[in-house]
Every structure is written in structure tokens, then in C-alpha cells.
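**Student:** sequence first, predicted model second:
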Amino acid sequence: MRRMAQVSQIAALVKQAAQEAGFELAGIAPVRDFSELDQFPKWIAAGRAGEMKYMEARDEAGHLKRASLRTVAPWARSVVVCAINYNTAHPYSTQVQDGERGWISRYAWSREDYHEAVMRRLRIVESRLRQGAGETRALQTCCYVDTGPLVERVYAKYAGIGWNGKNTCILNQKLGSWLFLGVILTSLELEPDFPAPDRCGTCTRCIDACPTDALIAPYQLDSNKCISYLTIEKRGAIPQEMRAGMGRHMFGCDICQDVCPWNRKAPATTLPEFQPREGLVNPALEWLAEMSAEEFREKFRGSPVRRAKRSGLRRNAAIAMGNSGDRRFVPVLTKLAEDEDAVVAEHARWARDRLESEK
Ligand code: B12
Ligand code: SF4
Ligand code: SF4
């Protein structure tokens, strides 16, 4: 009885700490082999992770690390999941139509990289948890934002943060899906929350709106077809058959969230770190295509956009210009077609041919 009281007190303390640290939501999931995690090995086996080799990491016995926390953190008993709203008061990608401009996804235009913004806050919660538990030597904790060996969204569901939508994102009834997740694994057995019920109902808007058919079925995404994967994670050449569907996306994609009814009234944050850097909301394509190495370094220092590297961003800009229907880009594409970066040059030739072949 005494132990239960202590455990629920710590859970309350952790949630209070999360709120004070700036998280809108926090909950606790028990460590279990949830049925959703059975999907993960199937997803990997079907090649849905594309070239993201880190998703396929295995332990010595050959088990996929991300499929079960028992593999990578056998000591973990609970997962504290925290969520922070990154939505800002700017239009959705589905509301802007200017052919000369592209799209950098909402999460990536921020002043600070979310990995740091979330981890900083998570550390505060972790230290309050450790204090609350009495800092015994046996207590183990570990914080992850994005890069940990677990499927964060499954734990987010069981921590009551929100449900796994048909677009695979975590959706909260009050806040929508513009949420970053951060998790703290702990050896403490904390009082768990209830999983959030699925509120997608008969809606299929996200699946219908995806321009590349990456949502191959409800709750299932094929990375190879996802614009987010193609613009951020895919290195080298983008398969020709995928290029037209990518529209004017420069980095990431928001469409399956923009069309979601639960994001219609999503509140906006006023946190300065998530406000956009100058020029990144609906950015000019020519500016990004012609960006020098020095300007790229300056503009994207401490930004998630660095992940695509300058080469990837210019490659994406070439595709976007090819999809713009705007022949005024032909001269800049002709210049890029001779670029010393062979990938950029090939994509620029493709884009120029596409514009010139249009009536
Ligand atoms: C790899 C990865 C990607 C890949 C693959 C995405 C994907 N859907 O798997 C790519 C590069 C495409 C990507 C894109 C994006 N990502 Co990402 N990504 C990750 C990462 C690192 C791993 C995700 C993963 O494990 N995927 C494996 C698949 C199998 O898992 P899943 O899609 O979540 O599917 C589960 C559920 O759908 C579940 N399920 C539930 N019910 C049902 C029912 C049925 C019938 C079935 C079959 C399955 C099922 O089964 C799966 C679990 O096995 C996580 C961080 C992390 N460590 O978890 C961030 C993460 C998921 N990404 C995030 C974000 C913000 C994005 C983008 C919005 C960025 C952008 N604007 O471009 C897009 C969203 C695209 C989308 N619709 O998912 C956030 C999501 C926050 C949220 N609110 O959900 C995370 C959690 C990072 C973070 N810490 O905040 N991402
Ligand atoms: S992020 Fe874009 S491409 Fe990927 S599933 Fe959603 S709508 Fe489709
Ligand atoms: S658009 Fe509809 S189906 Fe897709 S995640 Fe939102 S509510 Fe669910």
C-alpha cells in the first residue's frame, strides 16, 4: 500500500515537472510488448524503412532493437512520454499556392533544433524524477528525443498522449498532431496512464490527400514513397517516378497533418525557439537553389534542415522548380545543370526538361 502511494506520488511529481518545464502533455506507459510493436518487424521486412539502416539495428541474438525495449533496456519498467506543441501561427502548406515558392515543414523552420529544445526540458523532468525517487544507486533513467531505439509513438499512445492516427502520427484531441515527443525510460514502476482511444473514425482525409500514396493503408506508411523521407533522409538521386509527386517540397512534408480535422483548431505556441527563421515559411525556390556553402552554414546553423545537407537541399530545389510549371526557372536550371555536384546537375536537367516539355 505504501509503495503504491509512493509510486503514484512520483507519477504526479513527474507530470508537474513536465508542465513546469514547458511540456503541454506528459504521461506514463508501462513497458510491455504491445500488439502495435508486432507491426515493426513486418514493416522492416517489407522494406518500408527505405535506406534508413539505423532502423534495422539488431542485438547479438539478431532481434530488431526497436521492436522491444526488453532487448535494449531490460531494466526499464516505465516510459515517461512528454509532448510539446510546435505549431506556430502560420498558414498550412495546403493554403499556399505560389509557384515560385517551396515548403519547409513546420517542424523544421524553427530557430532551435527540436532535439535540443526537447532534450533540455526532458533533463529537467529526469532530474526531478531522480530527486523524487530518492536518488538510489539502483535507479536507472535514460532520455531520448527521436534517436532512441524505440517506436516512440506506440509508448505515446499507452501514456495517454494521443492515438496513432491513420497518417501514423500521434494526435491529441485538444492539441492536434503538431507535437514533438521526448521519452524518459526508468527502472521505476510508475503508475501508468490509460491509452488514448482512436478518434479517426471513418475519416480517410490524410490517405486521400497524400500526393505520393505513401500511406499504403490506414496506419501504414511506406518511407520509400514519403516526401518527408525523400527530401530529408534519402541520399543521392531521387527515383524519377517519385519526383513529380513531390510538388514544391523542399524539406519534409506536412500534408497528411494539414488536412487532418483534428488540426483545424490546433493552438499555436508562442515559444521563441519554434518561431520560424526569416525566409523559411514558404521560401523562395531560387534563393535555396543558389545558396552558397557559406550562406547555407549561416542560415541553417543549429537547424534540423542541416540533415539534408546543402547538396540535398539544392537537389530538392531543382525538383521543386521542375514541378512549379514556371518557365522563368529555365535559366537558373540551365546553370545548375552544369553544377559540379553531379546529383544536383542531373536533377536540374530533369527539371528543365519537364518545364520545357510542358505546353
Ligand atoms: C523513422 C521516422 C520517420 C520516417 C518514417 C515515418 C513512419 N511513419 O514510420 C520518415 C522520415 C518518413 C518520418 C517522417 C515524419 N516524421 Co518522423 N520519425 C521517425 C522515427 C525516428 C521512427 C519512427 C518509426 O519507428 N517508424 C516505424 C513504424 C512502423 O512506426 P509507426 O509509423 O510509428 O507505426 C506504428 C503505429 O502506426 C502502429 N499502429 C498503430 N495502430 C495500428 C494499426 C494497424 C492496423 C497497423 C498495421 C499499425 C498500427 O504500428 C507501428 C508500430 O510498430 C520517430 C522517432 C522514434 N524514435 O520513434 C520520428 C517521429 C515519428 N517523427 C516525427 C515527425 C514530426 C515526423 C514528420 C511530421 C516530419 C515532417 N513534417 O516531415 C513526418 C511525418 C510523416 C508521417 N506521416 O509519419 C515525430 C512524430 C510526432 C507525432 N506527433 O507523431 C517523431 C515521434 C519524432 C519526435 N520525437 O517527435 N519520420
Ligand atoms: S508526410 Fe507527405 S508524403 Fe509522407 S505520408 Fe504524409 S502526406 Fe504523404
Ligand atoms: S486525417 Fe482523418 S484519418 Fe487521418 S489522422 Fe486525421 S482524423 Fe485520422
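**Tutor:** Sure, I can see it. Ligands and ions are numbered 1, 2, ... in the order given.
**Student:** okay, CA-based contacts and neighbour counts for the rest of this
**Tutor:** Will do.
**Student:** near ligand 2, which residues of the chain?
**Tutor:** Counting by C-alpha under 6 Å from any ligand atom, the chain comes close to ligand 2 at Cys210, Thr212, Ala214, Leu215, Cys226, Ile227, Ser228, Cys253, Asp254, Ile255, Cys256.
**Student:** 5 Å - rerun?
**Tutor:** Within the chain, the residues that sit near ligand 2 (C-alpha under 5 Å from any ligand atom) are Cys210, Ala214, Cys226, Ile227, Cys253, Ile255, Cys256.
**Student:** in terms of helices and strands, where is Ala26?
**Tutor:** Per DSSP states H and E: Ala26 is located in strand 25-30.
**Student:** Ile216 too?
**Tutor:** Under the assignment here (DSSP H and E), Ile216 is part of strand 215-217.
**Student:** quick check: buried residues in that strand?
**Tutor:** Leu215 (16 or more other C-alpha atoms under 10 Å).
**Student:** do it and ligand 3 come into contact?
**Tutor:** No - for strand 215-217, no contact with ligand 3 is found by C-alpha under 5 Å from any ligand atom; the gap never falls below 9.8 Å.
**Student:** got the residues of the stretch 101-250 of the chain near ligand 3?
**Tutor:** Contact residues (C-alpha under 5 Å from any ligand atom) of the stretch 101-250 of the chain with ligand 3: Gly165, Lys166, Asn167, Cys200, Cys203, Thr204, Arg205, Cys206.
**Student:** just give me the neighbour total for the first one.
**Tutor:** I take that to be Gly165. Here the number of neighbours of Gly165 (other C-alpha atoms under 10 Å) works out to 21.
**Student:** any idea how far it is from Pro218?
**Tutor:** 8 Å (C-alpha to C-alpha, to the nearest Å).
**Student:** ok, Gly50 next?
**Tutor:** According to C-alpha to C-alpha, Gly50 stands 19 Å off from Pro218.
**Student:** the helix or strand of the chain with the lowest mean pLDDT versus strand 25-30: what angle between them?
**Tutor:** Sorting the helices and strands of the chain by mean pLDDT, DSSP states H and E puts helix 2-21 at the bottom, at a mean of 84. Computed with axes from the mean of the first three to the mean of the last three C-alpha atoms, to 10 degrees, the direction of helix 2-21 lies at 150 degrees from that of strand 25-30.
**Student:** helix 2-21 packs against which elements?
**Tutor:** Helix 2-21 sits against strand 25-30, helix 114-132, with contacts defined as 3 or more C-alpha pairs under 8 Å, 6 or more residues apart in numbering; DSSP states H and E.
**Student:** the first one and ligand 1 in contact?
**Tutor:** No - using C-alpha under 5 Å from any ligand atom, strand 25-30 never reaches ligand 1; the gap is at least 11.8 Å.
**Student:** ok, that strand: who's next to it in the sheet?
**Tutor:** Strand 25-30 pairs in its sheet with strand 78-85 (antiparallel), by DSSP bridges.
**Student:** now the element after the strand it pairs with, going C-ward?
**Tutor:** strand 103-104.
**Student:** what residues does the stretch 151-300 of the chain put near ligand 1?
**Tutor:** With C-alpha under 5 Å from any ligand atom as the criterion, the stretch 151-300 of the chain meets ligand 1 at residues 151-152, 167-170, 177, 179-181, 219, 223, 228-229, 252-254.
**Student:** can I have the buried ones of those residues as a ChimeraX selection?
**Tutor:** The buried residues among those can be selected in ChimeraX (16+ other C-alpha under 10 Å) with this line:
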select :151,152,167,168,169,170,177,179,180,181,223,228,229,252,253,254
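**Student:** of the residues of the stretch 151-300 of the chain next to ligand 1, which belong to strands?
**Tutor:** Secondary structure defined by DSSP state E assigns Ile170, Leu179, Phe180, Leu181 of these to strands.
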